[in-house]
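Peer 1: A predicted structure for the sequence below; I have some questions about it.
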Amino acid sequence: GTGGAGFQATGSAATFTAGAVTIANGAAAGGGISLTGNTGSFSFDGGLAITTSSGTGFTASGGGTIGIGTTGTRQITTTTGQILNLSDVSIAAGGIAFDSLTSTGIVPADAVALTDVGGPGAFSGGTVSIIGTSGAGSDGIEITTSPANISFTSAAIAGTSDNGILLSGANGTVTFDTVTIDGAGGAGILVSGATGAVTFNGGTIGATTVNAGPGVLIEDTVAGAEVTFRFLDVTANGADAYTLEDNAGLVTAMLGTATQTGAGDGLEINGGSGEVCFGSDIVHSGTGAGDRAVRILGTSGDIQVCGSQVTKTNGGLAVEIGNVTAGSISFDTAVDANTGAGGILIANNTGGSTTFLQAVTLSTGAEDAVTLTNNIGHAVSFDGGLDITTTSGTGFTASGGGEIGLAASGTRQITTTTGQIISLDGVSVATGG
């Protein structure tokens, strides 16, 4: 092994083409390929197999065009070295296609980093396996302002000092077929400032070890962006399962689960004008009084919660909606609070509406079941039934403005032991009753 890279080019304008390339550099600081400040092109058309110890597997920065074909073995394996770092380079029309990207030890940097990577070709990372990262801000996979289309077959990421996956800024289309992310020091997945399409088609987050940050955090997307999660099961304890903040783009989750077993929310939507279609089940069993299965605050876009269930047990609230200024919020899913959980709080909204289209069942004991307060300009309706049981908690209270509707559908009853059954003060009843 050599203390430098196995293959190195700096400031070259040449066109380089290679067949099968194998680099095994076990030296302490030995790397695989290093390309810096080039204006030429580098094509590896017959396979590229790189193995290093603490050296970086493949690094390219400051210009040049890179292509890795679809024949032969195409993999990078390091022990503690950074696997791949591409910055300010272009991908050849034929693309970059890896079979696998692997680190078997703790990488003291982003394990895979793509920054300002452009086309015309696409990047395929294949199967990614990352044991962990160390150092402030070190993610498993970080993709930043890279307009090339980027995809991964799978990503198994554990023990990162920061986020499992970070997608930042105006990237091209980004797709992960499946992910397994555990024990991140930040979020499992963080998407910030997306402008295009981002898709995760399955997997788990926090199934073995929960993350210190939210399982999924989506923030500051622009109008026209689309962030989609399918068949993704997220488990959290200590932070939200899903956090959506100040988004103008569309966020969709479907056919997965958001499971909260401790402090934090199942789904928190904070600010933003973008549309949300959340079709994953939400189950919250945390005991904190401030926890929510669903919390929606300060939004102005249309929001649909449409999985098969929203369930809250052991304290906190099933649903809180506050400071909404516009937009239609609908729950096309059953809502259930029991075993000491609180019910529904809707307060201080000035526009828009909230509709519960399916059965709402609240068995809240000493906690209040439904509280509607200061909702001038905001209509609330229960169209699929409302079944309330409490001991000393108030069954249904509404005051300070707003319109209330309860359709003649499903079970419609309130039963308390010593709690007030119903109190209406300064509100109006919807035309349908």
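Peer 2: Okay, I see it.

Peer 1: so residue 367 touches residue 341, yeah?
Peer 2: Yes - the pair residue 367 and residue 341 passes the contact test of Cβ atoms under 8 Å, sitting 7.0 Å apart. No exception for glycine: its C-beta is placed from N, CA and C like everyone else's.

Peer 1: the two: which has the busier surroundings?
Peer 2: residue 341 (27 against 23; other Cβ atoms under 10 Å).

Peer 1: confidence score at that one?
Peer 2: We note a pLDDT of 93 for residue 341 in this prediction.

Peer 1: any idea how far the nearest residue to it once chain neighbours are set aside lies from residue 176?
Peer 2: The spatially closest residue to residue 341, leaving aside those adjacent along the chain, is residue 312, at 4.2 Å (Cβ to Cβ, 6 or more residues apart in numbering). Between residue 312 and residue 176 the computed distance is 30 Å (Cβ to Cβ, to the nearest Å).

Peer 1: same check on residue 354?
Peer 2: For residue 354, the distance to residue 176 equals 33 Å [Cβ to Cβ].

Peer 1: over to residue 257?
Peer 2: 18 Å.

Peer 1: thought residue 286 was touching residue 261?
Peer 2: Yes - counting by Cβ under 8 Å, residue 261 is a contact partner of residue 286 at 6.3 Å.

Peer 1: of these two, who's got more company?
Peer 2: residue 286 (25 against 18).

Peer 1: leaving aside the residues adjacent along the chain, what's closest to the more buried one?
Peer 2: residue 262 (4.8 Å).

Peer 1: Three-state assignment for that neighbour, please.
Peer 2: Classification of residue 262 using DSSP: H, G, I helix; E, B strand; the rest coil returns coil.

Peer 1: what is the neighbour count of it?
Peer 2: Neighbour tally, residue 262, other Cβ under 10 Å: 15.

Peer 1: dump the residue contacts of it.
Peer 2: By Cβ atoms under 8 Å, 6 or more residues apart in numbering, the contact set of residue 262 is 236, 237, 238, 286, 287, 288.

Peer 1: if we use 7 Å, what do you get?
Peer 2: Residue 262 makes contacts with 237, 238, 286, as judged by Cβ atoms under 7 Å, 6 or more residues apart in numbering.

Peer 1: CA atoms only: put stretch 244-258 into CSV for me.
Peer 2: Extracted in CSV, the C-alpha atoms of stretch 244-258 (Å, rounded to 0.1, in the frame of the first residue of the first chain):
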residue,chain,number,x,y,z
LEU,A,244,-42.7,19.2,9.1
GLU,A,245,-41.6,22.8,9.4
ASP,A,246,-42.4,25.8,7.1
ASN,A,247,-42.8,23.9,3.9
ALA,A,248,-44.3,25.3,0.7
GLY,A,249,-44.0,22.0,-1.2
LEU,A,250,-46.1,18.9,-1.0
VAL,A,251,-45.2,16.3,1.6
THR,A,252,-46.7,12.8,1.4
ALA,A,253,-46.4,9.7,3.6
MET,A,254,-48.4,6.5,2.9
LEU,A,255,-48.7,2.9,3.9
GLY,A,256,-46.2,3.2,6.8
THR,A,257,-46.3,3.9,10.5
ALA,A,258,-45.2,6.7,12.9
